[in-house]
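**Q** Sequence first, predicted model second:
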Amino acid sequence: MTDNPLLERAARFVSALRHCQVLGIEVHDASADGMTLLLPYSPQIVGDPQTGIIHGGALTSLMDTACGMATLCVLPEFEVCPTLDLRIDYMHPAEPHKPVFGFAQCYRVTTDVIFTRGFAYQDDPEQPIAHVVGTFMRMGKRLKGTRGFGSSIKGEQA
């Protein structure tokens, strides 16, 4: 346990997402400033076996998840917020055999849409692998109790 309830909530949420389980994505940090996830390097996410470079799909999953989970940092209660749009600009490939961090923050919250931005990096956030912007639809509690949406996350009320 930690004394950061947001970090605990985010860790419970990420542990319930099947793609995060498969990719090994973990919560690294969570605060009002944003969400940082960790994608550990593994042979399963390599896109080019000759170079060991991580597949772009794994990085896209990392950043979509980081942006979506950044909504936890700004909303007072859990809401279903599916991705409306996601744009990733790749700056350079990730260095093989090293984990990748994905940071995202919400910069505008409206009644219906949450706007996010962030970046993926390895050793230095000032040398990003990719930049991302995304928009997420606010579904609120409208789908609470609907199968697959708004359901509890390992005991947490949706």
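**A** Nice, thanks for sending it over.
**Q** any low-confidence regions in this protein?
**A** For the chain, the stretches with pLDDT under 70 are 1-2, 141-158.
**Q** how about the strands in the protein?
**A** Ranges of strands within the chain are 26-31, 34-39, 46-48, 53-54, 83-90, 100-109, 113-121, 130-137, based on DSSP state E.
**Q** Can you check which of these gets nearest to residue 74?
**A** Between residue 74 and the strands of the chain, the shortest gap by C-beta to C-beta is with strand 100-109, which sits at 4.5 Å. C-betas here are computed from N, CA, C, even on glycine.
**Q** and that closest one, which residues are buried?
**A** Judged by neighbour count using 16 or more other C-beta atoms under 10 Å, the buried positions of strand 100-109 are 100, 101, 102, 103, 104, 105, 106.
**Q** In contact with the residue lying closest to residue 53 once chain neighbours are set aside: list those residues for me.
**A** Computed as C-beta to C-beta, 6 or more residues apart in numbering, the closest residue to residue 53 that is not its neighbour in sequence is residue 93, at 4.6 Å. When contacts are counted by C-beta atoms under 8 Å, 6 or more residues apart in numbering, residue 93 touches 51, 53, 54, 129.
**Q** ok, back up a step: which two among the buried residues of strand 100-109 are spaced furthest apart?
**A** Taking C-beta to C-beta as the measure, the buried residues of strand 100-109 have their most distant pair in 100 and 106, spaced 21.0 Å apart.
**Q** so how far is residue 86 from residue 98?
**A** To residue 86, residue 98 is 24 Å away according to C-beta to C-beta, to the nearest Å.
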